[in-house]
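what's the 3D shape of this:
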Amino acid sequence: MAKANVRGENVMPVFKYMTEQQGFKGFPESDMTEMLTGHLQANFPEYLEGDSIKWNFTKFLINKKGEVVERFEPMVAPEEMESAIEKLLAE
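Numbers count the residues shown, from 1 in each chain. Next comes the predicted model:
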């Protein structure tokens, strides 16, 4: 295990693929949204551009065919993804 580039010119192919398949649709409403957006605007405004990963703990749901079917931003807790995972497992 090592640190991986998830954005920029040295992005690892798997992260490039996932973000191309499921682009950034904005942060969902949460207590953390305003703080994270403000932090990024003040310190890393380029992170808010395009479909790249915005912050740690962005999660991707991938089906059996290797297709990215959903993207969850950092403030989405794993238990909030449960119904999407169960739906995919039932397919």
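
for the spatially most central residue of the chain, what are its contacts?
By Cα atoms, centre = their mean, the chain has its centre lying nearest to T58, at 3.3 Å. The neighbours of T58, taking Cβ atoms under 8 Å, 6 or more residues apart in numbering as the test, are 6, 71-74. Any C-beta I mention is one placed from the backbone N, CA and C, and that applies to glycine too.

generate TSV for those residues, with pLDDT, secondary structure and distance to L89 as supplementary columns.
Compiled in TSV, these are given as follows (pLDDT from 0 to 100; DSSP: H, G, I helix; E, B strand; the rest coil; distance: Cβ to Cβ, whole Å):
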residue	pLDDT	secondary structure	distance to L89
V6	92	coil	26
R71	97	strand	18
F72	97	strand	16
E73	95	coil	22
P74	92	coil	24
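
can you name the two of those that sit furthest apart?
V6 and F72 (14.6 Å; Cβ to Cβ).

which stretches of the chain form helices?
Along the chain, counting by DSSP state H, helices occupy 13-21, 33-43, 82-90.

what residues sit buried inside the last one?
This means helix 82-90. For helix 82-90, the neighbour count (16 or more other Cβ atoms under 10 Å) marks no residue as buried.

chain center to stretch 5-12: distance?
14 Å (Cα atoms, centre = their mean, to the nearest Å).

coming back round to it: quick one: closest of the helices of the chain to G66.
The closest of these to G66 is helix 13-21. By Cβ to Cβ, the value is 8.8 Å.

contacts for that closest one?
4-7, 51-53, 60, 62, 67-68, 71.

now a ChimeraX select for only the buried ones of these.
Remark: buried members of the contacts of helix 13-21, expressed as a ChimeraX selection using 16+ other Cβ under 10 Å:
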select :6,7,52,53,60,62,71
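
biggest separation within the contacts of helix 13-21, which pair?
N5 and E67, at 22.9 Å, using Cβ to Cβ across these.

so how far is E34 from V69?
From V69 across to E34, the span is 28 Å (Cβ to Cβ, to the nearest Å).

same thing with D51?
For D51, the distance to E34 - Cβ to Cβ - is 22 Å.

all set now, cheers.
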